[in-house]
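Asks: structure for this input, please:
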Amino acid sequence: LAIAAKAARSRAPIFIEGEGGVGKEVVADAIHAASPRARMPYLKVNCAAIAPNLLDSVLFGHEKDAFTGAFDRRVGIFQQAENGTVFLDEIDQLPLETQVRLVRLLTEGEIQPLGSVNSYRIDVRVITACNHDLAAKLADGSFREDLYYRINVVQLHIPALRERISDIPSLARHFLGRMASQPGLRSLGITDEALSLLKDYNWPGNVRQLQSALFRAAVLCD
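Replies: Presented below is the predicted three-dimensional model:
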C-alpha cells in the first residue's frame, strides 16, 4: 500500500498481480483516486470479457468502414480517458496484435485507430492486472516481453487473504457496515467466536468469497 501511494503521484504504469478476488480492482481504484488525475476520466476494461477480434476497436477505436460492420466511427477507450486513467484487468488475455498497439502507446504516447491513416498523441495513465504469473506466457511467446517490461514499471503483489488473516476482522466489520445500508437488511455485529471461525478458513475465493459469505449471513442469520 505504501508503494501504491507513492506510485499514485507519478504517471508510471502499474502492474497489479494476485489471485482472483484479492482486491486488485479496489487497489487500482484507490491509486486513481490518490493521483493528480483523480478528477479526470477513469475507465476499466476486462480483457477476458471482450471477444479478441473486438479488443482493438474497443481500446483504440476505429473509423467508419474500417471493417465489416463498422457503420460509424468509434472513439476508443484510451481516447475517451484522455488525461485520466485506464485499468486493464486480465491483461494476459490480450491478443498479440493488440499487445503491439499497447507497446506503441506506452512507448510513444500514440494510438492509431483501425482504418485511420493518422496517429493521435494522448496522455493516459495505464494500470494493468493479472490473476496469473505472466512468466509462463512470456516463455511460450503468447505475451510480449517488451510489453511486460513497459507495464511493469511499478509492480504490486496483493497477497491472498489466507496470507493476511489479521485483515479479516476489519474486512468483516467493513462489509457488514456496508450491507446494513441496503434495503431489507439491518445493522449486525459479529462475535469473537464468529471471527475466529472466519480466520480458521482457507478462503480460496479470497476477499470476494468472504464478502459473499457475510452477505449470506446478513440475510439469513437472526
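
Asks: any idea how far apart the tips of stretch 39-48 sit?
Replies: 28 Å (C-alpha to C-alpha, to the nearest Å).

Asks: report the mean confidence score over the longest helix anywhere in the chain.
Replies: Longest helix in the chain, counting residues (DSSP state H): helix 206-220. On average, the pLDDT along helix 206-220 is 94.

Asks: do stretch 170-185 as well
Replies: Stretch 170-185 comes out at a mean pLDDT of 89.

Asks: just the buried positions in that stretch, please.
Replies: Within stretch 170-185, the residues scored as buried using 16 or more other C-beta atoms under 10 Å are 171-172, 175-176, 179. Bear in mind the C-beta positions are built from the backbone N, C-alpha and C, glycine included.

Asks: output the lowest mean pLDDT helix or strand found in the chain.
Replies: Taking mean pLDDT, DSSP states H and E as the measure, helix 135-140 is the helix or strand of the chain with the lowest mean score, a mean of 87.

Asks: who are the packing partners of the longest helix of the chain?
Replies: Helix 206-220 sits against helix 168-179, with contacts defined as 3 or more C-beta pairs under 8 Å, 6 or more residues apart in numbering; DSSP states H and E.

Asks: can I get the CA coordinates of the next helix or strand after the helix it packs on in CSV?
Replies: Scanning forward in sequence from helix 168-179 by DSSP states H and E, the next helix or strand is helix 192-199. Provided in CSV are the C-alpha atoms of helix 192-199 (Å, rounded to 0.1, in the frame of the first residue of the first chain):
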residue,chain,number,x,y,z
ASP,A,192,-15.4,-13.1,18.5
GLU,A,193,-16.3,-16.7,18.0
ALA,A,194,-17.6,-16.0,14.5
LEU,A,195,-14.4,-14.1,13.7
SER,A,196,-12.3,-17.0,14.9
LEU,A,197,-14.2,-19.3,12.6
LEU,A,198,-13.6,-16.9,9.7
LYS,A,199,-9.9,-16.7,10.5
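
Asks: and helix 192-199, which residues are buried?
Replies: residue 198.

Asks: tell me what angle that helix forms with helix 206-220.
Replies: Inter-element angle recorded for helix 192-199 and helix 206-220: 140 degrees (by axes from the mean of the first three to the mean of the last three C-alpha atoms, to 10 degrees).

Asks: about what we covered before: which among the buried residues of stretch 170-185 gets closest to residue 125?
Replies: Checking the buried residues of stretch 170-185 against residue 125 by C-beta to C-beta gives residue 171 as the nearest, at 27.7 Å.

Asks: quick one: the closest one from residue 210, how far?
Replies: Per C-beta to C-beta, to the nearest Å, residue 171 is found 6 Å from residue 210.

Asks: picking that back up, how far is the least confident helix or strand of the chain from where the chain is centred?
Replies: 21 Å (C-alpha atoms, centre = their mean, to the nearest Å).

Asks: show me which positions of it end up buried.
Replies: residue 137.

Asks: re earlier: make JSON lines out of the buried residues of stretch 170-185 and add distance to residue 123.
Replies: JSON lines is the format used below for the buried residues of stretch 170-185 (distance: C-beta to C-beta, whole Å):
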{"residue": "171", "distance to residue 123": "36"}
{"residue": "172", "distance to residue 123": "41"}
{"residue": "175", "distance to residue 123": "37"}
{"residue": "176", "distance to residue 123": "41"}
{"residue": "179", "distance to residue 123": "39"}
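
Asks: please identify the helix or strand for residue 156.
Replies: strand 154-157.
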